[in-house]
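Below is the sequence, then the predicted model.
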Amino acid sequence: MTLSFPATEAWQPLPDRDWNAAAAAHLLRRTGWTARPEDVDRAVHDGLAATLDRLFPAEASLLPKPRSVARLEEEGPKLIRAAQQMTGDDKVRAQRESQERARMAVQDLSIKWLQYAARPGQAALAKWVLFLSDVYVVSADKVKSAALIYDHFDLLARHGLGPAPVLSKAVSRSPAMVIYLDLNQNQRRAPNENFARELLELFVLGEGNYSEQDIKEAARAFTGYRAQPFQGGEFRYAPAQHDPGPKTIFGETGSFTGDDVIDLAYRQKAASTFLPHELVKFYLSDSPLPVDYLAPLGEDWRAHGYELRDLAQRFFGSRIFFAPEFRGNFIKSPVQFYLGLVQDLALDVTPLARFTLNPLRQMGQWLYYPPNVRGWVGGRNWINSATLASRRQLVESLFAPVNEDSLNADEQIELVAARTNGVTDFSVSDRLLEGFTPLDPGAAAGRLVNRFLAVPVAPAFRDSVAQFIAASDPEPTPRLRRLRRAAVTLLQSPEYQLC
Amino acid sequence: MSSNPTTPFLPTTRREFLRRSGGGLGLLAFSRFAPSFLVQSTLAATPAPEKDRSILVLVQLAGGNDGLNTLIPFEDPDYYRLRPTLGIAKDQVLRASDTLGLHPSCTAMHQLLQDGKLAIVQNVGYPNPNRSHFRSSEIWETASASDAFISTGWIGRYLDNACTGAPADSHDPVAVHITNGVPQSFVGEHEHPTFGLLPGGGNRRDNEETRQLLETMISKPAEGTENANATFLKHTLMDALVTEKKVQRVLDVYRPGAGANYPGNPFAASLRNVAALISAGLPTRVYFVSLSGFDTHTNQVRQQANLLTQLSDGLAAFQRDLEAHQLDSQVATMTFSEFGRRPSENQSQGTDHGTAAPLFVMGSRVKGGLHGTAPSLKLERNQDLTFSTDFRQVYATALDRWLDCPSQTVLGGKFEPLPIV
């Protein structure tokens, strides 16, 4: 790929003259889920710097702990202790029941997170946390506790815009992480290297920037970290399990603790470019930027004390981020595809797993259950014939009213409860497109295309949409129906999969 | 659909493609995005599809069908004790044996039973049953033990193991579902060409219009230089549209066989579409259709009668259709539901989530009649049935004896097949 700017200019702030509606839409789509016209207008009006301040604020608005999660957090340990007292079949049944409740609570948490992330004002932060969770990966499959998964994501949100070493230290104490990467098993006499390895390989430095000896020694420094999921799940440091002896890591020797190891890691040169590299992969492009491009960004980040907020603002405010070669060519993740649709179509997240989490799974992204410690690969890996068909079906389903007769009884109860709370817009109503009906077909096509697509399309493309809208239709409200079908088709198009 | 059906926008068969390109049109003359199967098959002479392979049709009864009122133990006083208002009277049931009979709505299935084309496997379930719709469906679809969590489905794993000899058109679907969303059963370790249709065919006109507009959009040149991901997406979508169009063509021209009277409901329409695809000789080995609404916590009598009528009449029409096309020996159809329902009825003229239930296997090569043993009803109030046949035995039978695939690799354990086929 030919880059528009040399490495020396890439990270300069975008000049004011280049800040316009197209740039604002690009920023909103990449940092959030989509670019609603009202949000674009506001961003253009406020200017880039103020918009970045708003997207990555000093004070994060956090997802409150769902009641189901809190209730299970309180009752879970009791249930498990009770199960431990039992014998035989009763014990098996009780254990299974608590496992099942944990899974249901994770499911509820997933839906609550989607509802939280769908609010346009919170989209950038939610996506940032999703990014961090794709670096500091844990899976509910192994952690098996909604409360600990919630805590882990909460921690990523609280520390996610502060200094990276502080975040890494917090993550090393995240009970979900302690369980997921076997810090629990890391004993003085039998060190477990899992966490130490991923810390260096996947969180801070990247492959090739440490030796096997560094990992062995680092694992010793992290001995004594404990979390008992079934006893409240709090992090605990067990000094008797800690190996206080001298360790040699990155050529330095001392009786290092886990926190020391993290500080040492951030002193390595590779730390300055590792996270920026991940940032490019998650937000900018399938193909990595050359190392000489990452270096200046990394050096600047390190000079700012590895502050993540500085990194985000520098990155998303840079000339290279807005370069033409990065516009409209990034494949949306399933979460972005879904939440983008919710925002574009002014919908509420349907509080039923079958209508939200199942489609996400079918499109390849099961929230809180990443495939492995590397997280989701992303890019073209999101797309194959089955996942593309699932994306198309999701669009169709959002334009059709929920068939309530086919719902199970518990789903009907959920739906009634949601409606009582004013959450009602589960499928596209005529309101969305009524404003388009007085327009002539060409203008309506132009507005739909501009509204939904991040990719510039040729006049012939727009004309084909206009012709479709103009065609006669036997329905009682022909124009409205043609507009609806044109919208469905645009949302299923290859172009809408891109941002 | 193109206004003139003899000149479709894209060739839908390889022969059509070759005919056109032989007439002087280059590969890219009709589209900038030649579907990959066309490109591939011009490079390699792939073998003709085997059209006589056995086919499995799965029918999901979503919501948890009440087994006790499907196969009724009309001589058992315990049944009437547990079902004081919902119990179906002895003189109403359609006799399957001296002690058991089908729900009165199942007249067509009762005829199939008498013709020896319907097997009823009694009391199917699994140890440590789970009563959540979500989880129990997952257990059935992934064929896992109730305390194991498996991310792939049993059909997906079958495809992982069975599809080494690729069909002629590498793009033809190896499994087809007529459901909203891909069934978990289909998820494999590897990607397989599967295909989904909306139940009842979805809205025909909507689908046609959308496909046509998508084709038109894809064929338009990009504005400026197109990025590689856009090209990749267009290519993938065009492949899918070609399959979709091929399928639609098949459904459009299909005429059900003599005597196959499909009732006018979406479930029957789904079965009709399955028959159409089978008779078109697609190399598809597994079809998946779904009938939902079995979660009868309240007013069960009317709701279950209505659903079982749809099931029974739909299945019978489907079987008749296959027979008329002489395809019946190739096809076995099997029902499943995430759980049966509680033997004791509840206070709202309904039943709550339960455990084991009978399932049906239909086909001309099926050994008809009752299989397995009936559940004991010596139960306290709100106690559940104890299964006697593990659902994975049914799967093992389908894999080993029908699809010719070693069941142990797919199921991760040995399950005794049943003498159903």
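Looks like it came in fine. Numbers count the residues shown, from 1 in each chain, chains lettered A, B, ... in the order given.

use CA for all of it now, contacts and neighbours both
Fine.

what's the helix or strand for the residue in chain B that chain A sits nearest to?
For chain B and chain A, the shortest gap (C-alpha to the nearest C-alpha) falls at residue B:223, measuring 4.5 Å. Using DSSP states H and E, residue B:223 falls within no helix or strand.

Might one say that it is in contact with residue A:457?
Yes: with contact defined as C-alpha atoms under 8 Å, residue B:223 reaches residue A:457; the gap is 5.1 Å.

So which of those two has more stuff around it?
Counted by other C-alpha atoms under 10 Å in any protein chain shown, residue B:223 and residue A:457 do not tie: residue A:457 has more neighbours, with 19 against 13.

what's that one sitting at in phi/psi?
Note on residue A:457: its backbone torsions stand at phi -120, psi 160 [degrees, to the nearest 10].

cool, and residue B:125?
phi -170, psi -150.

any idea how far the residue lying closest to it once chain neighbours are set aside lies from residue B:387?
Nearest non-adjacent residue to residue B:125, counting by C-alpha to C-alpha, 6 or more residues apart in numbering or on different chains: residue B:356, 4.4 Å away. According to C-alpha to C-alpha, to the nearest Å, residue B:356 and residue B:387 sit 5 Å apart.

Next, the residue nearest to residue A:373 when sequence neighbours are not counted: secondary structure please.
Counting by C-alpha to C-alpha, 6+ apart, residue A:137 is the residue found nearest to residue A:373 once chain neighbours are left out, at 5.6 Å. Assigned by DSSP: H, G, I helix; E, B strand; the rest coil, the conformation of residue A:137 is coil.

Tell me who's in contact with residue A:137.
Contacts of residue A:137 were listed using C-alpha atoms under 8 Å, 6 or more residues apart in numbering or on different chains, and they are A:177, A:370, A:373, A:374, A:375.

Quick check: residues of the stretch 351-499 of chain A near chain B?
Applying C-alpha under 8 Å from any C-alpha of the partner chain, one finds that the stretch 351-499 of chain A approaches chain B through A:359, A:362, A:380, A:383-386, A:388-390, A:393, A:405-409, A:456-458, A:460-461, A:464-465, A:468, A:485-486, A:488-489, A:493-495, A:498.

Keep only those of the residues you listed that are in helices.
A:359, A:362, A:385-386, A:388-390, A:393, A:409, A:460-461, A:464-465, A:468, A:485-486, A:488-489 (DSSP state H).

Quick one, which of the residues you listed are buried?
The neighbour count (16 or more other C-alpha atoms under 10 Å in any protein chain shown) marks A:359, A:362, A:385-386, A:388-390, A:393, A:409, A:460-461, A:464-465, A:468, A:485-486, A:488-489 as buried among those.

Report all helices and strands that the one helix or strand residue B:320 maps to contacts.
If you go by DSSP H and E, residue B:320 is part of helix B:300-324. Where contact means 3 or more C-alpha pairs under 8 Å, 6 or more residues apart in numbering or on different chains; DSSP states H and E, helix B:300-324 is packed against helix B:107-114, helix B:266-279.

Please produce CSV containing those helices, extended by mean neighbour count.
Putting the helices and strands packed on helix B:300-324 into CSV (neighbours: other C-alpha atoms under 10 Å in any protein chain shown) gives the following:
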stretch, mean neighbour count
helix B:107-114, 20
helix B:266-279, 23
